[in-house]
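A.B. asks: predicted structure and sequence below. I'll ask about it afterward.
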Amino acid sequence: MKILVIGSGGREHAICWKLAQSPQVRKIYCAPGNAGTAEVAENVAIDVMDIEALRVFVEHQKIDLTIVGPEKPLIAGIVDVFEARGLRIFGPSKEPAQLEGSKVFSKRLMKDAGVPTADFEVFDDPQRAREYLAQARFPIVVKADGEAAGKGVVVAQDYAEAETAVRQMMEERVFGASGERIVIEECLSGPEASVLAFVDGETVRPMIAIQDHKRIGEGDTGPNTGGMGAYAPVRVAPQSVVDEVTRRIIEPTVAAIRATGIPYRGVLYAGVMLTEKGPYCIEFNCRFGDPEAQVALMLLESDLASICQAVVDVELDKVPVVFSQRAAVTVVMASGGYPGPYETGVPMTGLEAAQKLDALAIFHAGTKRDEDGQLVTNGGRVLAVTATGETFAEAKERAYAGVGLVRFDGAYFRRDIGWQA
C-alpha cells in the first residue's frame, strides 16, 4: 500500500511514523514534509495548497490513500477534487470542513443540533459589535469567523480589550478575510480538554481525552500559539467524560452534517470546556490537532492505516480502535521569539542521543537539512519531544530528559507541561 501524507509539521511526522509501523504500508510519501518525515517517508516538494499538483502526483504514482494533515487544504476542498477523480482520501470534504473554516457555520450548526455551546452573536459590522459590547458582561470571547491557525480568539477582560480585538480583526484585518465576520460569545469557565474522534459519517470512535497548552508562557500566560505541549490521560476527563462528549457533542454534530447529504469523514476534534453544567463545545477542528496528534498516536495501539481505510470505506465499525492505558507527554521546543519574529537556519544537535532514550520519540515540525546536510531550524515550533510511561510522572520525566539533550541557540520550551495533572 502506497500512502501520501500532506503537510510539513510535527503532526504529519507523527502520522508518517505511525503509518510506517503498519505491515500494510510499503511506501510513504510526504508533501512537502520536513527533516523528520524524511527519515520514514520520501519527501515531495509540493505545497499543501497546490491541490492540482498533488492530484497529478497521486495519479502518476498510483497512490492508494492520501491523508491530509493540515486544515487549509481541507477547507479549500481538496477532498472534493480527489473524490471527483475517484482517488481515495482521508479527511472531510469542503462543506463539513467549514466546522473549522467558519466559526459562524460551526456555532449555528451546534445550536440547531442542540449541542451544548456558549451563547453567541454574529457580527459583520464593527460598529454594531461595539454597541453590543457596550452592554455586555465581561469577560467575553471575540472570535474571527475564519481559520486563523488557532490564534483568532481573544478572551477580553473588559470593553477596551474587546474593542481592540474587534478593531484588529474587522478593520485592521490582522487575520485577513477571516475577520470579515466575528463571533462574540459568553466566556465559559472550567478546565479544557480535547476529544478527537475517527468518524466515517456513520460510526464515531473517540480517542482518549488530551489536554494541550496553547499559551507561550508557563502557568498558561502570554499570547496563544499553535500549541506548546500536551498530555494524556487528563484527570478531569476520564472515560466517562469522553463518553459524554461523544454522546452530547460529537455524535449530534455528525448526525446534523449527515442530514445535509454530505457525511463527515476523517478526524473530528472537539475542543471542550468542562463546566459545572457538563461539557460544552468551544470549537471544532476538522483534523488531528498538533501537538495532540503526537500524544494520541504514541498511545494508539491499533493500525492507523487500517483505521484510515475503514473511514474512507465507511467500515469503521469493523476495525479495532484501541489506545494504551499508559501516559504520554509531548513538549514543544520552539525558536526564540516565537510566536513573534524568530530566526531560522539555526544548527541543532543532540537528537541522536535523545532518541536513544526509552519510550521516547522526537517529532520534527520546523526543521530541514541545509546544503551541507546539517539539521537546522525552519519554523516557530521546531520539535515535539514525546514520551510515554506507566505514570504521568514517568512520561513527563522522560520527555524533559529528551528535551535536555537537544541543543539549538534560542531554544524555548515550557517547563510546566501537564501542570494541571
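C.D. replies: Cool, the structure landed. Numbers count the residues shown, from 1 in each chain.

A.B. asks: what about the helices in this protein?
C.D. replies: Secondary structure of the chain (DSSP state H): helices at 10-19, 51-61, 71-76, 78-84, 98-101, 103-113, 126-134, 159-166, 239-245, 251-258, 292-299, 304-312, 351-355, 392-405.

A.B. asks: which one of the ones you listed lies closest to G227?
C.D. replies: Closest approach to G227 among the helices of the chain (Cβ to Cβ): helix 292-299, 7.6 Å. Where you see a C-beta, it was placed from the backbone N, CA and C, and this is true even at glycine.

A.B. asks: any figure for the gap between the residue nearest the centre of the chain and A270?
C.D. replies: Centrality entry for the chain: nearest residue to the mean C-alpha point is G289, 1.6 Å, by Cα atoms, centre = their mean. Here G289 is placed at a distance of 10 Å from A270 (Cβ to Cβ, to the nearest Å).

A.B. asks: and if you look at G366?
C.D. replies: 27 Å.

A.B. asks: tally of neighbours for the closest residue to C187 other than its chain neighbours?
C.D. replies: Nearest-residue entry for C187: P139, 4.3 Å, with adjacent residues in sequence omitted and distances by Cβ to Cβ, 6 or more residues apart in numbering. For P139, the count of nearby residues is 15 (other Cβ atoms under 10 Å).

A.B. asks: also D125?
C.D. replies: D125: 11 neighbours (other Cβ under 10 Å).

A.B. asks: picking up where we left off before, so what's in contact with G289 and A270 at the same time?
C.D. replies: 194, 196 (Cβ atoms under 8 Å, 6 or more residues apart in numbering).

A.B. asks: so G379 touches G366, yeah?
C.D. replies: Yes - counting by Cβ atoms under 8 Å, G379 touches G366, with 1.9 Å between them.

A.B. asks: what sits in contact with each of the two?
C.D. replies: Contacts common to G379 and G366, judged by Cβ under 8 Å, 6+ apart, are 9, 335, 344.

A.B. asks: of the residues you listed, buried ones?
C.D. replies: 9, 335 (16 or more other Cβ atoms under 10 Å).

A.B. asks: could I get the shared contacts of G379 and G366 as a markdown table with pLDDT and distance to A296?
C.D. replies: Below are the shared contacts of G379 and G366 laid out as a markdown table (pLDDT from 0 to 100; distance: Cβ to Cβ, whole Å):
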| residue | pLDDT | distance to A296 |
| --- | --- | --- |
| G9 | 97 | 15 |
| S335 | 98 | 25 |
| T344 | 97 | 28 |
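
A.B. asks: nearest to V195 among the shared contacts of G379 and G366?
C.D. replies: V195 has its nearest neighbour among the shared contacts of G379 and G366 in G9, at 21.1 Å by Cβ to Cβ.

A.B. asks: hmm, the closest one is touching G69, no?
C.D. replies: Yes - G9 is within contact range of G69, at 6.8 Å (criterion: Cβ under 8 Å).

A.B. asks: Y412 bridge partners, please.
C.D. replies: When bridges are called by DSSP bridges, Y412 pairs up with A334.

A.B. asks: low-confidence ranges, the stretch 51-200 of the chain, go.
C.D. replies: Confidence mapping of the stretch 51-200 of the chain against pLDDT under 70 gives the ranges 149-150.

A.B. asks: tell me the domain ranges of this structure?
C.D. replies: 2-93, 125-180, 192-318, 327-405 (automatic domain parsing).

A.B. asks: look up how far F175 lies from Y132.
C.D. replies: Where F175 is concerned, Y132 sits at a distance of 20 Å (Cβ to Cβ).

A.B. asks: quick one: which of those two has more around it?
C.D. replies: Between Y132 and F175, F175 has the larger neighbour count (other Cβ under 10 Å), namely 20 against 15.

A.B. asks: show me what contacts the more buried one?
C.D. replies: Neighbours of F175 in contact, by Cβ under 8 Å, 6+ apart: 144, 146, 148, 151-152, 169.

A.B. asks: that one and Y400, how far apart?
C.D. replies: 34 Å.

A.B. asks: I250 against V267, yeah?
C.D. replies: No - contact criterion Cβ under 8 Å: I250 and V267 do not qualify, at 11.0 Å.

A.B. asks: please identify every residue contacting each of the two.
C.D. replies: Taking Cβ under 8 Å, 6+ apart as the criterion, I250 and V267 both touch 197, 199.

A.B. asks: returning to what we had before: and the contacts of F175, which are buried?
C.D. replies: Here, 16+ other Cβ under 10 Å leaves 144, 146, 148, 152, 169 buried among those.

A.B. asks: right, and the last one touches G146 too?
C.D. replies: Which is M169. No - counting by Cβ under 8 Å, M169 does not reach G146; the two are 9.9 Å apart.

A.B. asks: which neighbours do these two have in common?
C.D. replies: Common neighbours of M169 and G146 (criterion: Cβ under 8 Å, 6+ apart): 152, 175, 178-179.

A.B. asks: I'd like those laid out as JSON lines, including distance to A31.
C.D. replies: Output for the shared contacts of M169 and G146, formatted as JSON lines (distance: Cβ to Cβ, whole Å):
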{"residue": "G152", "distance to A31": "26"}
{"residue": "F175", "distance to A31": "26"}
{"residue": "S178", "distance to A31": "25"}
{"residue": "G179", "distance to A31": "29"}
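
A.B. asks: quick one: the strands in the stretch 251-400 of the chain?
C.D. replies: For the stretch 251-400 of the chain, the strands defined by DSSP state E, counting those that start in this stretch cover 266-275, 278-285, 327-334, 360-364, 367-369, 375-377, 381-389.

A.B. asks: save those strands as TSV, and put in mean pLDDT, mean neighbour count and distance to G91 too.
C.D. replies: Formatted as TSV, these follow (pLDDT from 0 to 100; neighbours: other Cβ atoms under 10 Å; distance: least, Cβ to Cβ, whole Å):
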stretch	mean pLDDT	mean neighbour count	distance to G91
strand 266-275	97	23	4
strand 278-285	96	21	12
strand 327-334	98	28	23
strand 360-364	98	26	20
strand 367-369	97	20	24
strand 375-377	98	22	29
strand 381-389	98	27	21
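
A.B. asks: now those strands as CSV including distance to R414?
C.D. replies: Converted to CSV, the strands of the stretch 251-400 of the chain look like this (distance: least, Cβ to Cβ, whole Å):
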stretch, distance to R414
strand 266-275, 19
strand 278-285, 21
strand 327-334, 7
strand 360-364, 17
strand 367-369, 19
strand 375-377, 18
strand 381-389, 12
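
A.B. asks: so which of these is nearest A193?
C.D. replies: When these are compared (using Cβ to Cβ), the closest one is strand 266-275, at 5.6 Å.
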